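Engineer: Any chance you can model this:
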Amino acid sequence: MLRSLAPLVVICLALAGWMAFQQSEADTLPEVDPASTLQLAAARAGYPVVAPTGLPEGYTVTYARTDAGEAEAGDPVTLEIGHLTPSGEFAGFVVSDDARAAAVDDVLSGAQEQGTVELGGQDWTRGTTQRGETVLSRTADDTTLLVTGSATDAELETVAAAVRPYSG
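Structural biologist: Next up is the predicted model:
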């Protein structure tokens, strides 16, 4: 019986290995609808929530999260949205009214400013994080906005230029 099962096990393992090898990174990352996360953040935040909207084809939302579920009136709220870009790299967006929020501090701590750039009618500060990634940041009405990641500068600028008030 063992002799008859051994070839079947080998064939099954070979097929599973081949299928795993054939999947690309894009196939394994889920596409997420950020609508419910945006709605929750907008309902609890003490500031007008903004987010990238109307991005060109090829930008896929892979995660959306907020700490608004635990927030009470007046508490700080942080919203994070991650995108897979057309080049297959990462572009993350963060908005928060807590300058000490981990999502903000992790990016801006030790970042080196390199000037400003106008995107979407807004002035953004360009910098380089300690990890060597580009960060675009701006502060508006006591909220901090960040766009950063391994994506190209042009892709990060596309995300930053698409930031608009969330209208639910």
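
Engineer: What sits closest to R164 if chain neighbours are left out?
Structural biologist: T53 (4.9 Å; Cβ to Cβ, 6 or more residues apart in numbering). Yep, even glycine has a C-beta here, placed from its N, CA and C like the rest.

Engineer: how much space is there between that neighbour and G127?
Structural biologist: Distance of T53 to G127, computed by Cβ to Cβ, to the nearest Å: 24 Å.

Engineer: Between these two, which has more neighbouring residues?
Structural biologist: Comparing T53 with G127 by other Cβ atoms under 10 Å, the one with more neighbours is G127, at 20 against 13.

Engineer: any low-confidence regions in the chain?
Structural biologist: Filtered on pLDDT under 70, the chain yields the residue ranges 1-2, 4-10, 12-15, 17-28.

Engineer: Show the contacting residues for the one residue sitting closest to the centre of it.
Structural biologist: Residue closest to the average C-alpha location in the chain (Cα atoms, centre = their mean): G82, at 1.7 Å. By Cβ atoms under 8 Å, 6 or more residues apart in numbering, the contact list for G82 reads 61-64, 90-93, 149.

Engineer: for it, helix, strand, or coil?
Structural biologist: strand (DSSP: H, G, I helix; E, B strand; the rest coil).

Engineer: Apart from its neighbours in sequence, what residue is nearest it?
Structural biologist: In space, G82 is closest to Y63, 4.4 Å off (Cβ to Cβ, 6+ apart).

Engineer: what do you get for S96?
Structural biologist: T78 (3.8 Å).

Engineer: quick revisit: so how far is A99 from the residue nearest to R164?
Structural biologist: 25 Å.

Engineer: circling back to that earlier point, ok, so of the contacts of G82, who is nearest D142?
Structural biologist: F93 (18.0 Å; Cβ to Cβ).

Engineer: From what I see, that closest one and E80 are in contact.
Structural biologist: Yes. Using Cβ atoms under 8 Å, F93 is in contact with E80, at 7.0 Å.
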